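>>> below are the sequence and a predicted model; questions follow.
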Amino acid sequence: MLDQMQPMIDTAIPGQSLTAELGSRPWTNPPQYNTVEEALDYYIPRLQSDEVTEQLLDVLEMGIPVTTIANTMQLGAVMEGKHTIDVGMLVLPVLVELIMLIGDTAKVKYTSGLEKDKEMSGTTVKLALERFKQEQKDDSMPEETADTPVIAEMREAADKRTGLMSRS
Amino acid sequence: MPLTNPSPILHQNINTVMKMKPEEKEVSANTLMGPPKRRQMNDDKRGDPMQPSRRIASYIEAIRQKREEITNA
């Protein structure tokens, strides 16, 4: 709710696309590759080249997720006017798999970025809260300790039944 | 929050498409008792192997096979 009320300042302002001459930007021109197959024909040879593969493996070893790399590649190509965003979205899963294939071939440990978020589930939080309450309870309970000599004497004195009403 | 990286969602969608393989149905004759022609055409479209999602699923399947070969070798 709070997110919806905040102004979105990281998006384009209305009319921003009209601030440059039509056709002066690559993405305002018709794309170079129109289909997924054409786009893949552009990506696959690039990914297979030694130079790109080395750089890619370096980035994978640094721990950058595969999904992030694929998305960056795809966005860059859209900006260069290679293909449209629609084709980019379709190509994205194939790129992810391709990068993972390159990583597996080179036996590099990588982060795919497809792992489920390790968020704490409701039950985990509940369990932790219950344990915390139990621990608090245990701390507040007085511990049974051995009587000190004074208390022992007082108990003994109380136990000695004296007086008229005491039983003999 | 704007979506910055749609890759995980797209990957999940493609996985779903891969799970939903089209069943091979008997082609019913267009008789009076058969399904209406329009519905028949829609069903054909959904299972069309030339649909972009199906095409991509087939590419991903091929790449995954290769990956499995590499990891199992």
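Everything's here; your move.

>>> what about the helices in the chain?
No chain in the question, so chain A it is. A:2-5, A:36-48, A:50-61, A:66-79, A:85-105, A:122-140, A:149-159 (DSSP state H).

>>> not quite, go with chain B.
Going by DSSP H, chain B shows helices at B:7-19, B:37-46, B:52-72.

>>> okay, the ones you listed, which one's buried deepest?
Mean neighbours per residue, mean count of other CB atoms under 10 Å in any protein chain shown, is largest over these for helix B:7-19, with a mean of 17. Where you see a C-beta, it was placed from the backbone N, CA and C, and this is true even at glycine.

>>> tell me the angle that one makes with helix B:52-72.
Interaxial angle, helix B:7-19 versus helix B:52-72 (axes from the mean of the first three to the mean of the last three CA atoms, to 10 degrees): 100 degrees.

>>> what helices or strands is helix B:7-19 leaning on?
For helix B:7-19, the packing partners by 3 or more CB pairs under 8 Å, 6 or more residues apart in numbering or on different chains; DSSP states H and E come out as helix A:66-79, helix A:85-105, helix B:52-72.

>>> where does chain B dip in pLDDT?
Applying pLDDT under 70 to chain B flags residues B:1-2, B:22-47, B:49.

>>> still on that earlier bit, now distance to residue B:5 too, for the helices and strands packed on helix B:7-19, in a markdown table please.
A markdown table is the format used below for the helices and strands packed on helix B:7-19 (distance: least, CB to CB, whole Å):
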| stretch | distance to residue B:5 |
| --- | --- |
| helix A:66-79 | 5 |
| helix A:85-105 | 9 |
| helix B:52-72 | 18 |
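
>>> re earlier: can you tell me which of the helices of chain A is packed in deepest?
When those are compared using mean count of other CB under 10 Å, helix A:85-105 is most buried, at a mean of 21.

>>> quick one: mean pLDDT for that helix?
For helix A:85-105, mean pLDDT is 95.

>>> and residue A:112, how many neighbours does it have?
16 (other CB atoms under 10 Å in any protein chain shown).

>>> residues contacting it?
A:65, A:66, A:67, A:96, A:100 (CB atoms under 8 Å, 6 or more residues apart in numbering or on different chains).

>>> any idea which residue of chain B lies closest to chain A?
Across chain B, the shortest distance to chain A (CB to the nearest CB) belongs to residue B:7, at 3.6 Å.
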